[in-house]
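Asker: Dropping a prediction and its sequence here:
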Amino acid sequence: MKTVEKPAQAGTLESGDILVVVAPATGAQDDIAIELQSLVMAQYGDAIRETIASTMRTQGVTRAVVQATDRGALDCTIRARVLTALARGGVGLEEGAISWNA
């Protein structure tokens, strides 16, 4: 199990991007708490949440707080931003586990 060691962010608020902020979880329970704001929440909110959660699980992270502000990002952009934020937050990434088609 990997944990986020410090708060970190990746991405922008530009159109077609997503700003992802990760932080260590404060509770004792294994959980990934995702707070999402999106221009396309009604259509793609569940899919965006699943992309964030699955990217974190693939990297072995089971405890974290994620705040994401989406501006219409594609899945590959969401994954890239989550991975970058995790790396900046002190999580050692598993290169073999990175899949852009997951």
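Answerer: That came in fine, so what should we check first? Numbering: from 1, shown residues only.

Asker: what are the ranges of the strands in this structure?
Answerer: According to DSSP state E, the chain carries its strands in the segments 2-3, 8-10, 18-23, 32-38, 61-70.

Asker: Can you list the buried residues in the last one?
Answerer: Applying a neighbour-count criterion of 16 or more other C-beta atoms under 10 Å, one finds Val61, Arg63, Ala64, Val65, Val66, Gln67, Ala68, Thr69, Asp70 buried in strand 61-70. Placement of C-beta: from N, CA and C, glycine included.

Asker: can you pull the contacts of the second one?
Answerer: Put plainly, it is Arg63. Met1, Thr3, Val4, Pro24, Ala25, Gly27, Gln29, Asp30, Asp31, Ile32 (C-beta atoms under 8 Å, 6 or more residues apart in numbering).

Asker: Ok, the fifth one next?
Answerer: Contacts here follow C-beta under 8 Å, 6+ apart; on that basis Val66 touches Val20, Val21, Val22, Ala23, Ile32, Ala33, Ile34, Glu35, Ile52, Met56, Val82.

Asker: pull the helix or strand with minimum mean pLDDT from this structure.
Answerer: Here the helix or strand of the chain ranked lowest by mean pLDDT, DSSP states H and E is strand 2-3, holding a mean of 86.

Asker: rewinding a little: and of the contacts of Arg63, the nearest to Leu86?
Answerer: Leu86 lies nearest to Val4 out of those, by C-beta to C-beta, at 6.8 Å.

Asker: where in this protein is pLDDT low?
Answerer: Along the chain, the model assigns pLDDT under 70 to residues 96-102.

Asker: name the helices or strands packed onto the longest helix seen in it?
Answerer: Longest helix in the chain, counting residues (DSSP state H): helix 41-58. When contacts are defined as 3 or more C-beta pairs under 8 Å, 6 or more residues apart in numbering; DSSP states H and E, helix 41-58 sits against strand 32-38, strand 61-70, helix 75-88.
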